[in-house]
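**Student:** Output the structure for:
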Amino acid sequence: MISPHLLLLIVYSGVVIGLGLWTARVVRTSSSFFVAGRSLGPGLIFASMLAANIGSGATVGATGLAYRDGLSAWWWSGSAGLASFVLAFLVGPRLWALAKEHNFYTTGDYLEFRYGSAVRGIIAALLCFGSLWILAAQLMAGAAIVSVLTGAPRWVGSLTGGAIMTIYFTAGGLLGTARVNSLQLAVTIVGFLVAVPFALGSVGGLSAFGAAALPAGFTDITYSAGSGSGWTLLALTGPAFIVSPGLIQKSYGAASARAVRLGVGLNACGLLLFAFLPVGLGMVARVALPDIPSADLVLPTLFTTLLPTWLGALALAAVFSTEVNTSDAILFMVSTSASKDLYKRYLRPAASDGELLGVARLAAVAGGALGVLLSVYMSTIIAAMTIFYSLLAVSLFVPVIGGLYSRRAGSAEALGAIATGVTALLVVRFRVAGLHEWLDPTLAGLIAAAAGFFLMLSFRRRSR
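**Tutor:** The predicted structure is shown next:
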């Protein structure tokens, strides 16, 4: 007999696929697929952005971090919220204006406009590679839920989630995902808002945290155990949420610069508030269920153990929803970079609009399949997401921001930033990581990228 939890997931997945296929009937051009015809208002921008940002890291990952570190795990999603204010008011509107004027579809279009084709090609290749890791992380979270409900191995859950998001994204593109994300966001918010009070009540309220034997700093939001813990997460996740190609390209779909500011700004406020919900659940789980073996199993185990059956089913549907809607945002990056930045730019510049749309959909299918394969072999969700955020931040942050605010910067500065940033990231991560608890590979890469950018700018100025 099918459990209520599993039945609700099956019904919900069917609705999501149906909505994506229904939207496909109006997606007939690459403009509709890539930027939704630049027709999205603040509401759809808000829903699409927030749904994309509340993924496996913000739910399953943050709950696992809170199970270990306590309240300071808020910084995982809180950092994304703070960074989103920068995107909303300082970066997003400027990029939208350029995209509107020059008909940009992807972040690669902007990079070539600003720095030349070499920078576009390098970043597109890095994105196609790096995006697959975070896609794998989202699928791992969905697989954990399926595993808890059915006992099936990880590959079954990964394949199920991968198939769902690939079908509806391939059909509807950005326009379809914006509509689907509105439904998914509603399910997510309602599920978590209802689950937290019930979970907290199951352990006797806030007083339980004072009575239980918990680690030092467990209830201190300013606590950090070193790199990758507490407030240091701002260096890891913050820059990535300012220059994420998936988020930038969603902002390209806005109907106006005002829609960007309002929609992305509301998304930032939503992230700051939502960040407390999974953290609270992780802290409750530490008190009530202190022997959970894996951080990735904390959230689904809590939902099936501490909550009533009906609420556990709703909450699990909410979590599964977050994994699927964030997966489509990552698949969006893979699909658009592979088709527009690589195929049309370098392999077939004369490709027609219909051919470009077909390649984008084919790239989405291929990306979904590769993401499923990676998800089977990665160890933890946070490990998979850390790889992506690090690579994204050190390769893109300095070139994107430098290009917006420095007129003198050219391809030499961008290439210098990418080379020094990625090199420093790899050296620190694989050679000197662990020598000091505060030595963060991402922060080292960002500093090196900024140094490379400004050194090249200074050298060329002297040459002139």
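**Student:** ok, the residue most central in space within the chain - contacts?
**Tutor:** The centroid of the chain falls nearest to Asn53 when counting by C-alpha atoms, centre = their mean (5.1 Å). By C-beta atoms under 8 Å, 6 or more residues apart in numbering, Asn53 lies in contact with 77, 80, 84, 241, 247, 267, 271, 326. Yep, even glycine has a C-beta here, placed from its N, CA and C like the rest.
**Student:** Look at it and report its pLDDT.
**Tutor:** You'll see Asn53 listed with a pLDDT of 86.
**Student:** mind saving the C-alpha coords of stretch 263-282 as PDB?
**Tutor:** Taking C-alpha atoms only, stretch 263-282 is exported to PDB below (Å, rounded to 0.1, in the frame of the first residue of the first chain):
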ATOM      1  CA  GLY A 263      11.200  41.400  -7.600                       C
ATOM      2  CA  VAL A 264      14.800  40.700  -6.600                       C
ATOM      3  CA  GLY A 265      14.500  42.900  -3.500                       C
ATOM      4  CA  LEU A 266      11.500  41.000  -2.300                       C
ATOM      5  CA  ASN A 267      13.300  37.800  -2.900                       C
ATOM      6  CA  ALA A 268      16.200  39.100  -0.700                       C
ATOM      7  CA  CYS A 269      13.700  39.800   2.200                       C
ATOM      8  CA  GLY A 270      12.100  36.400   1.700                       C
ATOM      9  CA  LEU A 271      15.500  34.700   2.000                       C
ATOM     10  CA  LEU A 272      16.400  36.500   5.200                       C
ATOM     11  CA  LEU A 273      13.200  35.400   6.800                       C
ATOM     12  CA  PHE A 274      13.000  31.900   5.400                       C
ATOM     13  CA  ALA A 275      16.600  31.200   6.600                       C
ATOM     14  CA  PHE A 276      15.300  30.700  10.200                       C
ATOM     15  CA  LEU A 277      12.800  27.900   9.300                       C
ATOM     16  CA  PRO A 278      15.100  25.000   8.300                       C
ATOM     17  CA  VAL A 279      17.600  26.100  11.000                       C
ATOM     18  CA  GLY A 280      14.900  25.800  13.700                       C
ATOM     19  CA  LEU A 281      14.100  22.400  12.400                       C
ATOM     20  CA  GLY A 282      17.700  21.300  12.500                       C
END
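**Student:** Next one: the residue nearest to the centre of the chain from Ser77, what distance?
**Tutor:** According to C-beta to C-beta, to the nearest Å, Asn53 stands 8 Å off from Ser77.
**Student:** wait, which of the contacts of Asn53 is closest to Ala171?
**Tutor:** Ala171 has its nearest neighbour among the contacts of Asn53 in Thr326, at 18.1 Å by C-beta to C-beta.
**Student:** got a pLDDT number for that closest one?
**Tutor:** Reported pLDDT for Thr326: 69.
**Student:** Test my guess that Ile401 contacts Val243.
**Tutor:** Yes: the pair Ile401 and Val243 qualifies as a contact (C-beta atoms under 8 Å) at a distance of 7.2 Å.
**Student:** who touches both of these two?
**Tutor:** Joint contacts of Ile401 and Val243 (C-beta under 8 Å, 6+ apart) are Val91.
**Student:** Which one's more surrounded, the two?
**Tutor:** Applying other C-beta atoms under 10 Å to Ile401 and Val243 shows that Val243 carries more neighbours, namely 23 against 18.
**Student:** Check which residues of stretch 256-274 are buried.
**Tutor:** 256-257, 259-268, 270-272, 274 (16 or more other C-beta atoms under 10 Å).
**Student:** Return the subset of the residues you listed lying in strands.
**Tutor:** Taking DSSP state E, every one of these sits outside strands.
**Student:** Give me the neighbour count for the closest residue to Ser39 other than its chain neighbours.
**Tutor:** Spatially, and ignoring its direct neighbours in sequence, Ser39 is nearest to Ala255 (5.6 Å; C-beta to C-beta, 6 or more residues apart in numbering). Around Ala255 there are 19 other residues, counting by other C-beta under 10 Å.
**Student:** do Gly253 as well
**Tutor:** Residues lying near Gly253 (other C-beta under 10 Å) number 27.
**Student:** That one is in contact with Pro42, isn't it?
**Tutor:** No: here Gly253 lies out of contact with Pro42, judged by C-beta under 8 Å, at a distance of 11.9 Å.
**Student:** Name all residues that make contact with the residue nearest to Ser39.
**Tutor:** Taking C-beta under 8 Å, 6+ apart as the test, what Ala255 contacts is 38-41.
**Student:** now swap in Leu273 and tell me
**Tutor:** So Leu273 contacts nothing (C-beta under 8 Å, 6+ apart).
**Student:** Return the backbone torsion pair for the residue nearest to Ser39.
**Tutor:** Dihedral pair for Ala255: phi -80, psi -20, per degrees, to the nearest 10.
**Student:** Local confidence estimate at it?
**Tutor:** Looking at Ala255, the pLDDT reads 93.
**Student:** cool, Ala137 as well?
**Tutor:** In this prediction, Ala137 has a pLDDT value of 73.
**Student:** cool, Asp353 as well?
**Tutor:** 90.
**Student:** repeat for Glu323
**Tutor:** 70.
**Student:** residues of the helix or strand where it lies that come out buried?
**Tutor:** If you go by DSSP states H and E, Glu323 is part of helix 309-336. For helix 309-336, the neighbour count (16+ other C-beta under 10 Å) marks 311-336 as buried.
**Student:** so how many other residues sit close to the closest residue to Gly116 other than its chain neighbours?
**Tutor:** Excluding its sequence neighbours, the residue lying closest to Gly116 (C-beta to C-beta, 6+ apart) is Ser411, at 4.3 Å. By the measure other C-beta under 10 Å, the count of residues near Ser411 is 18.
**Student:** now do the one 4 residues further on
**Tutor:** A total of 19 residues lie near Leu415 under the criterion other C-beta under 10 Å.
**Student:** What of Ala351?
**Tutor:** Using other C-beta under 10 Å, Ala351 has 18 neighbouring residues.
**Student:** nearest residue to it other than its sequence neighbours?
**Tutor:** Using C-beta to C-beta, 6+ apart, the closest residue to Ala351 is Lys344 (5.0 Å).
**Student:** That neighbour: what's it in contact with?
**Tutor:** Going by C-beta under 8 Å, 6+ apart, Lys344 touches 351, 356, 359.
**Student:** again, but for Leu415
**Tutor:** Taking C-beta under 8 Å, 6+ apart, we find Leu415 in contact with 115, 118-119, 122, 456.
**Student:** Kindly report the same for Phe192.
**Tutor:** Phe192 neighbours (C-beta under 8 Å, 6+ apart): 59, 274, 277-278, 281, 315, 318.
**Student:** hmm, 6 Å instead?
**Tutor:** The contact partners of Phe192, by C-beta atoms under 6 Å, 6 or more residues apart in numbering, come to 277, 318.
**Student:** domain ranges for the chain?
**Tutor:** 4-390, 406-464 (automatic domain parsing).
**Student:** what's the most buried one of those?
**Tutor:** domain 4-390 (a mean of 21; mean count of other C-beta atoms under 10 Å).
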